[in-house]
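Peer 1: give me the fold of what follows.
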Amino acid sequence: MKIFRSIAGTLVLLTLCSLMSCTSSSKESNQSKARSSEPTPVAVAPAFTPPLKQSNPTLSAKSEPAAPPNPDEVQNAVSRIFDKVASAELSRKPAFMVGDFNGDGSEDLVVWIKPNEGQLGEINNELANWVLEDPKNVTPRKTKPPAAPTRVHAEKDEILLAVIHGADNQGWRNPEAKQTYLLKNDGATKITWQSLKDLQGTSDRQKLPLLRGDAINETINGKTGIIYWTGAKYAWHGTGSK
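Peer 2: Next up is the predicted model:
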């Protein structure tokens with residue numbers, strides 16, 4: 001009987017061990033299946049970023065030099081300012097020239113003009129759209145007391161020098177460019193343009209007044225000098241003898 005009981009106990013143990021082994025194997029099998037059913041991770045390739053286009057550094061846009069003025073354009077500009085009061089005097093050589101005389105970066109026009117017949121009163125009109133002045137009477141020095149304003153008058157058959165200030169990129173060609181200074185130049189002969197850069201590079205630059213722009217170089221009664229912008233008016237500065 002003891003033998004039978006021992007055998008029976010052994011069988012029971014074997015059966016339990018078999019069941020436990022099967023359960024463990026089943027769990028491992030299920031876990032393996034679960035792992036095999038999961039998607040295999042794939043290495044994600046980095047997103048492709050196209051290289052930026054290398055653009056050559058461009059120079060700042062520079063406006064092309066304005067075309068040289070022609071007589072018709074000059075006459076039209078004078079008509080825009082003076083209407084029927086005055087006309088361009090094109091018989092002188094040179095009759096006109098361009099430059100940045102007030103230093104604002106816009107091209108100005110300098111042109112000889114003459115009053116039309118019967119229009120001298122309009123030229124001298126205090127309410128006119130231009131400023132009539134004599135550059136030799138303008139004193140820019142602040143150290144001197146301001147002189148009493150002297151009323152300037154143009155004379156009959158007098159040839160005057162008009163400086164038409166430009167506006168924006170179009171310069172004096174701009175239809176809105178109407179600010180004009182009318183200068184008396186008794187005895188003046190040939191006029192030439194002198195750039196601010198050249199004036200500042202001369203050996204006598206320390207003797208020159210404060211310059212804001214280009215200058216009008218001319219000879220008056222045998223004396224050479226420049227007409228330059230003071231910031232409010234045009235003044236004469238003698239530079240030597242002829």
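Peer 1: need the contact list for Pro175.
Peer 2: Remark: with contacts taken as CB atoms under 8 Å, 6 or more residues apart in numbering, Pro175 is in contact with Arg80. In this view, the C-beta of every residue, glycine as well, is placed from N, C-alpha and C.
Peer 1: what's the pLDDT at it?
Peer 2: For Pro175, the model assigns a pLDDT of 96.
Peer 1: and the one 4 residues further on, by the same measure?
Peer 2: The per-residue pLDDT reported for Gln179 equals 97.
Peer 1: contact partners for the closest residue to it other than its chain neighbours?
Peer 2: Spatial nearest neighbour of Gln179, excluding adjacent residues (CB to CB, 6 or more residues apart in numbering): His165 at 4.3 Å. With contacts taken as CB under 8 Å, 6+ apart, His165 has the following neighbours: Phe101, Asn102, Asp104, Ser106, Asp108, Trp172, Ala177, Gln179, Thr180, Tyr181.
Peer 1: the fourth one: how many residues sit nearby?
Peer 2: It refers to Ser106. Counted by other CB atoms under 10 Å, the residues lying close to Ser106 total 17.
Peer 1: just the element for it, please.
Peer 2: Secondary structure from DSSP states H and E places Ser106 outside every helix and strand.
Peer 1: so which of the contacts of His165 belong to strands?
Peer 2: Counted as lying in strands by DSSP state E, out of the contacts of His165, are Asp108, Thr180, Tyr181.
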